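Participant: requesting a structural model of the entry that follows:
(chains A and B)
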Amino acid sequence: MAGFAPALSGSDRRLLPVVGGFLLLLLIAAASIWIGISSRKYNMLVAHTLRVRSAAYLLLTLVQDAETGQRGYLLTDDPTYLAPYREGADHALGALADLESLTRENVTERGVTEGLRRLVTEKLAELASTVAANQQEGREAALAIVKNNTGNTFMTEIRQRVAAVQAEESRTIGTVDAETRDYGVLLGWFSAGGVLVVIALGALIIVTTRRVSSELQRAQVALQANNDNLEGLVTARVADLQAANDEIQRFAYIVSHDLRAPLVNVMGFTSELEAARAEISAFLKAVEAEAPALVTVDRRLAVETDLPEALGFIRSSTAKMDRLINAILSLSREGRRVLTPHPIGLRELILGQRESLSHQLSESGSTLSVADDLPDLVSDRLAIEQVFGNLMENAAKYLYPGRPGEIAVHGRKIGSFVRYEIADNGRGIDKKDFERIFELFRRSGEQDRPGEGIGLAHVRNLVRRLGGNVAVASELGKGTTFTVTLPAVFSSSDRST
Amino acid sequence: MSSHPVVVIMIEDDPGHARLIEKNIRRAGVNNEIRHFESGTAALRHVFDPAVRDNGPLLVLLDLNLPDMSGTDILEKLKADDKLKRAPVVVLTTTDDQREIQRCYALGCNVYITKPVEYETFSQAIRQLGLFLSIMQVPDVP
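Facilitator: Numbering: from 1, shown residues only, chains lettered A, B, ... in the order given. The predicted structure follows:
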């Protein structure tokens, strides 16, 4: 598992160029959009220019049409020529208005087109006056107006103005054109760069992905190998533990047996000594009757007090040692017993045990309640009996002085495990003794109750063999709760000792 | 029925135990000869000696924990022998393991006594054994 953290941060680092590349792509896209918008603006400008130019050209054409019609009419006196004249004159002002409205927004253009109105109006007025003169006063009068050359001057000025408008438009379009060409080139470069970046990024991502996936594959293979190895390792360790445990059990068994043999002697010969002392005591009495001076206080004390005292201590110590050895023996015997799983109705089992505790419970006015929904389990019946028997017996035994015991047994299923709680309101256990109480021959609190300190060691030993664990929570003076967690279904192959 | 008194063969490596057993047997008023062996090898050599094997009734007091061989091996050998198998065997040991006890009975042991540390119980058991010895009839070797 340790190998994974650096690999992750490594792939983080590998992501950096990818992120950077995407940022670059984003920039290129933004630039393209900007250039697109710019070229749209250019297109609009070109369209505008074209419209201005055509409007200016139309105006010129119309004025020229009017003049051509006027000339023809004056030359031939034929009124048919008045039709093109009227056409031009009528539409020239409209064309002028169009041009003005197109150029109103642009200051330079407006400057160029201003003045056109005066020129066109006056040209049209001059044309109208010649046509009118011809109709009313005859050709000579009309020609006289033409000859003073004002019409021609107006026409020339109009042409110049229109040319100026055209020129201005050409200039604007030229500038914009150059700018747009630059943008176009830029867009080209940008697009080419973008394509290159995309290709590079694609390559980078493929390479990175390949590397990462091959690393992953290697890691997976290594993990699989580790797993396989681990299984073997665990099996080997379990076998080792099993062997060590068996060794300890055998050791305990042999030691306790071999310790017993000398103890038989100690006890036996102590009894022989007692018998001998009784003889001496009788002898002393006889001596005292015959020669009282021989029986000093010291001698009497030695036979009547010191010897019995010494023998008494030897006796009580040997008795205690025998109990301890028996405890080790029964633990080791229990440890070698083969556990066989059977379905157990735990509630019934506990109710049965309450029955055997009933005398002890009623003596102190204590109660023991068992939850209705106590989950059942499949386990070794004898072991379970001993576990709960010990825990309930302890609960009934270590009461808070003067307070009747209230013992409650609860349980629930947690996944493939069952958890039971044996809670009491007894005298409680000091926190520092939580571990100690599970050790062999160790006890906690006031030593005012009979016991060798074996029960809980036995309980823990059994629970562990059943593949579970036992824990304690307690507060001095308040009560104690023992929690036993066991596999709901014990299979003897789990722990075969 | 033979007029030969029963000879007690005591196989016990712990001299203290041997002495205590002997004392208590004597206290029970049993005066039969007690032959004490501290090892299985010596005991077997003695009982398989034709002079012993073919002569007179025997009673074996057997301790299971011996330095040179296991008591059950001795029991097996005794019970496999045509003549010696008639001799009652009293197993006297510190082992109170049920499997061990069962094994001894299966092998043909007649009485199994656990040596209790509690001396009174111990001496009482031995005395009762003594009483048993004094009234028991051991088939003579034909």
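
Participant: tell me which residue of the stretch 51-200 of chain A lies closest to chain B.
Facilitator: A:A200 (80.9 Å; Cβ to the nearest Cβ). Where you see a C-beta, it was placed from the backbone N, CA and C, and this is true even at glycine.

Participant: chain neighbours aside, what residue packs nearest to that residue?
Facilitator: Distance criterion Cβ to Cβ, 6 or more residues apart in numbering or on different chains; nearest residue to A:A200, sequence neighbours excluded, is A:G21 at 7.2 Å.

Participant: which strand or helix spans the one you found?
Facilitator: If you go by DSSP states H and E, A:G21 is part of helix A:4-76.

Participant: wait, isn't A:D424 in contact with A:E475?
Facilitator: No - if you go by Cβ atoms under 8 Å, A:D424 and A:E475 don't touch, sitting 11.5 Å apart.

Participant: can you list the residues of chain B near chain A?
Facilitator: B:14, B:16-17, B:20, B:23, B:65, B:94-95, B:97, B:115-120, B:122-123 (Cβ under 8 Å from any Cβ of the partner chain).

Participant: so B:P57 touches B:I9, yeah?
Facilitator: No - between B:P57 and B:I9 there is no contact under Cβ under 8 Å: 10.8 Å.

Participant: okay, and the common contacts of the two?
Facilitator: B:A87 (Cβ atoms under 8 Å, 6 or more residues apart in numbering or on different chains).

Participant: strands along chain B, start to end?
Facilitator: Taking DSSP state E as the criterion, chain B carries its strands at B:7-11, B:34-37, B:58-62, B:89-93, B:111-114.

Participant: quick check: which of the ones you listed is nearest to A:S356?
Facilitator: Among those, the nearest to A:S356 by Cβ to Cβ is strand B:111-114 (26.9 Å).

Participant: point out where chain B drops to low pLDDT.
Facilitator: The model of chain B has pLDDT under 70 over residues B:1-3, B:117, B:134-142.

Participant: redo the strands of chain B as a markdown table? Include mean neighbour count.
Facilitator: Formatted as a markdown table, the strands of chain B follow (neighbours: other Cβ atoms under 10 Å in any protein chain shown):
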| stretch | mean neighbour count |
| --- | --- |
| strand B:7-11 | 22 |
| strand B:34-37 | 17 |
| strand B:58-62 | 23 |
| strand B:89-93 | 24 |
| strand B:111-114 | 17 |
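
Participant: quick one: closest of the ones you listed to A:D298.
Facilitator: strand B:34-37 (40.3 Å).

Participant: quick check on B:L64: phi, psi?
Facilitator: Phi and psi for B:L64, reported as degrees, to the nearest 10, are phi -80, psi -30.

Participant: and it, how far is that from A:E67?
Facilitator: Distance, B:L64 to A:E67, by Cβ to Cβ, to the nearest Å: 153 Å.

Participant: who's the residue positioned nearest the centre of chain B bridged to?
Facilitator: Among the residues of chain B, the one closest to the centroid is B:L61, at 1.4 Å (Cα atoms, centre = their mean). Counting by DSSP bridges, B:L61 forms beta bridges with B:M10, B:V90.

Participant: isn't it up against B:P88?
Facilitator: No - using Cβ under 8 Å, B:L61 is not in contact with B:P88; the gap is 9.9 Å.

Participant: strands along the stretch 351-497 of chain A, start to end?
Facilitator: In the stretch 351-497 of chain A, the segments counted as strands under DSSP state E, counting those that start in this stretch are A:367-370, A:377-380, A:406-414, A:417-423, A:469-475, A:479-487.

Participant: nearest to chain B, out of these?
Facilitator: strand A:377-380 (17.6 Å).

Participant: can you tell me what sits against the closest one?
Facilitator: A:339-344, A:346, A:384, A:418, A:466, A:486-490.

Participant: for the residue nearest to the centre of chain B, give its distance to B:A125.
Facilitator: Applying Cβ to Cβ to B:L61 and B:A125 gives a distance of 12 Å.

Participant: if we can go back for a sec, so A:D424 and A:E475 - more neighbours on which side?
Facilitator: Comparing A:D424 with A:E475 by other Cβ atoms under 10 Å in any protein chain shown, the one with more neighbours is A:D424, at 27 against 12.

Participant: about what we covered before: for A:S281, find the nearest of the strands of chain B.
Facilitator: strand B:34-37 (30.4 Å).

Participant: buried stuff in the longest helix along chain B?
Facilitator: Taking DSSP state H as the assignment, the helix of chain B that covers the most residues is helix B:119-135. In terms of neighbour count (16 or more other Cβ atoms under 10 Å in any protein chain shown), helix B:119-135 has its buried residues at B:Y119, B:F122, B:S123, B:A125, B:I126, B:R127, B:L129, B:G130, B:F132, B:L133.

Participant: quick check, nearest of these to A:R250?
Facilitator: For those, the nearest to A:R250 is B:F122 (26.7 Å; Cβ to Cβ).

Participant: once you drop chain neighbours, what's closest to that closest one?
Facilitator: B:F122's closest residue in space is B:P116 (Cβ to Cβ, 6+ apart), at 5.1 Å.

Participant: hang on, the earlier thing: buried subset of the contacts of strand A:377-380?
Facilitator: With burial judged by 16+ other Cβ under 10 Å, the buried subset of the contacts of strand A:377-380 is A:L339, A:P341, A:I344, A:L346, A:I384, A:V418, A:L466, A:L486, A:P487, A:A488, A:F490.

Participant: got the contact list for the residue in chain B that chain A sits nearest to?
Facilitator: The minimum distance from chain B to chain A, using Cβ to the nearest Cβ, falls at B:G16 (3.5 Å). Counting by Cβ under 8 Å, 6+ apart, B:G16 makes contact with A:P262, A:V264, A:N265, A:G268, A:F269.

Participant: can you tell me how far A:I328 is from A:G402?
Facilitator: Taken as Cβ to Cβ, the span from A:I328 to A:G402 is 36 Å.

Participant: swap that for B:R103, sorry
Facilitator: Counting by Cβ to Cβ, the separation of B:R103 from A:G402 is 53 Å.

Participant: quick one, which of these two is more surrounded?
Facilitator: Taking neighbours as other Cβ under 10 Å, B:R103 and A:G402 compare with B:R103 leading, 15 against 6.

Participant: the more buried one against B:T72, yeah?
Facilitator: Yes - contact criterion Cβ under 8 Å: B:R103 and B:T72 qualify, at 6.1 Å.

Participant: what pLDDT does the model give the residue in chain A that chain B sits nearest to?
Facilitator: Here the residue of chain A nearest chain B is A:N265; by Cβ to the nearest Cβ that distance is 3.5 Å. Looking at A:N265, its pLDDT is 88.

Participant: for the one 4 residues further on, same thing?
Facilitator: The predicted structure scores A:F269 at 91 on the pLDDT scale.

Participant: one step back: so which of the contacts of strand A:377-380 sit within helices?
Facilitator: Going by DSSP H, the helices hold A:L346, A:I384 from these.

Participant: tell me which two of the contacts of strand A:377-380 sit farthest apart.
Facilitator: So, the contacts of strand A:377-380 by Cβ to Cβ: farthest apart are A:T340 and A:V418, at 18.3 Å.
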